[in-house]
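J.: Quick one: sequence and predicted model below, then my questions.
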Amino acid sequence: MSDAILSNEEVDALLNAIESGQVLVGEQIEQKVVKKVQHYDFRRPDRFPREQKRQLQKISENMAVNMGLTFSQYVRTTVGVELIAIEEFSYELFINSFTDLVCASVVDLTPYRGKGCLTLDAGFCLAMIDRGLGGPGKIQQKIRPLTIIEESVVSQVLLNVLHSMCLCWNDVAEIEWQIAKTDMDLRSLQVAHNTESMIAINFAISGELGTGTLVFCLPVATLEAVMGKITEATLNREEEIVIIKQTLNQVPLLMNTILGTTQLSFNELINLRVGDVISLDNKITDHLSLEIDEMPKFFGTPGVSGKKLAIKITSVS
């Protein structure tokens, strides 16, 4: 019970509340429970599992290595590609995140549903084209849109880059994604619905040509289907391990029991005759060595089992 003393105004207010029926005598007024509200952005749903993100990161790191080799072959100089980040957001936020001019390609994800997007900085594209056609290959201060011919050249290079990326998925499934269309206007490509959840894999490009950014954007639904193949492959791998263990258990191994060892000179060896006794270095109380494929594995004592010689295992090597 509270020790607080009510004032005259509070007593009058309490009596009036009882008379009006707002408060019943003996009724305990419960305190309001403040519910904790967690903010959730429906425009950026985080629906891609963390475990699959870790697997995707490993694959993306391998893709970065392959892309670096592909770019280097075209521009005939060393090009480094490094994974920056893997982000998840809606397609609308993805296209609004670009402030600089980029060359974008629509990726046909057959046999999976949906479309992907591959973007590369226009400045790096111009430097790459210039280097590929025999020029110095430097990023210009003033970036301009690519011509139709330049778009065709970049599209072919990105196709080779995409094929090198697909090789990193071959352990899971045979993927042969293709470039469907290339354009400088990303919004006109209509890759996905504005509210569709996408995964953007960001790569940083560096080298003598300068620096650039390549972004590979895929629908979450497509990645879930592909990563599901990884789970199935993991299960199949476990079945293979069981079969391998069963096969190994049936492999015959040659086991030899070594009574003892000694050293003989060449003269003693050639003069050996029937009935000669060779003294071994082992003592009579020493345990015999059992070798498997010429490697000591066990020790034991000799004996008889039925009508055959036998050895009793006493210790493991």
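T.: Yep, it's here. Numbers count the residues shown, from 1 in each chain.
J.: alpha carbons only for contacts and neighbour counts from here, please
T.: Will do.
J.: Wait, residue 155 touches residue 103, no?
T.: No - Residue 155 lies out of contact with residue 103 (CA atoms under 8 Å); the separation is 9.0 Å.
J.: check which helix or strand covers the residue nearest the centre of the chain.
T.: By CA atoms, centre = their mean, the chain has its centre lying nearest to residue 55, at 2.3 Å. In this assignment (DSSP states H and E), residue 55 forms part of helix 50-75.
J.: Keeping just the C-alphas, turn the next helix or strand after that helix into CSV.
T.: Next along the chain after helix 50-75, taking DSSP H and E as the criterion, comes strand 79-90. What follows is strand 79-90 as a C-alpha-only set of coordinates in CSV (Å, rounded to 0.1, in the frame of the first residue of the first chain):
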residue,chain,number,x,y,z
VAL,A,79,43.6,-5.2,-63.8
GLY,A,80,42.7,-5.9,-60.2
VAL,A,81,39.1,-6.6,-59.1
GLU,A,82,38.1,-6.7,-55.5
LEU,A,83,34.8,-7.4,-53.8
ILE,A,84,33.5,-4.3,-51.9
ALA,A,85,30.1,-5.2,-50.5
ILE,A,86,27.0,-7.3,-50.9
GLU,A,87,23.8,-5.2,-50.4
GLU,A,88,20.1,-6.0,-50.4
PHE,A,89,17.4,-3.5,-51.3
SER,A,90,14.6,-2.8,-53.7
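J.: what sits up against whichever helix or strand comes after strand 79-90?
T.: Per DSSP H and E, the first helix or strand lying C-terminal to strand 79-90 is helix 91-96. For helix 91-96, contacts defined as CA atoms under 8 Å, 6 or more residues apart in numbering pick out 186, 187, 192, 193, 194, 195, 196, 197, 198, 200.
J.: Would you mind checking which of these is nearest to residue 115?
T.: Each of these was checked against residue 115 using CA to CA; the closest is residue 192, at 6.9 Å.
J.: ok so the closest one is a helix residue?
T.: No - counting by DSSP: H, G, I helix; E, B strand; the rest coil, residue 192 is not found in a helix; it is coil.
J.: roughly how far out does the helix or strand that contains residue 11 sit from the chain middle?
T.: In this assignment (DSSP H and E), residue 11 forms part of helix 8-20. Its chain's C-alpha centre and that of helix 8-20 lie 69 Å apart, by CA atoms, centre = their mean, to the nearest Å.
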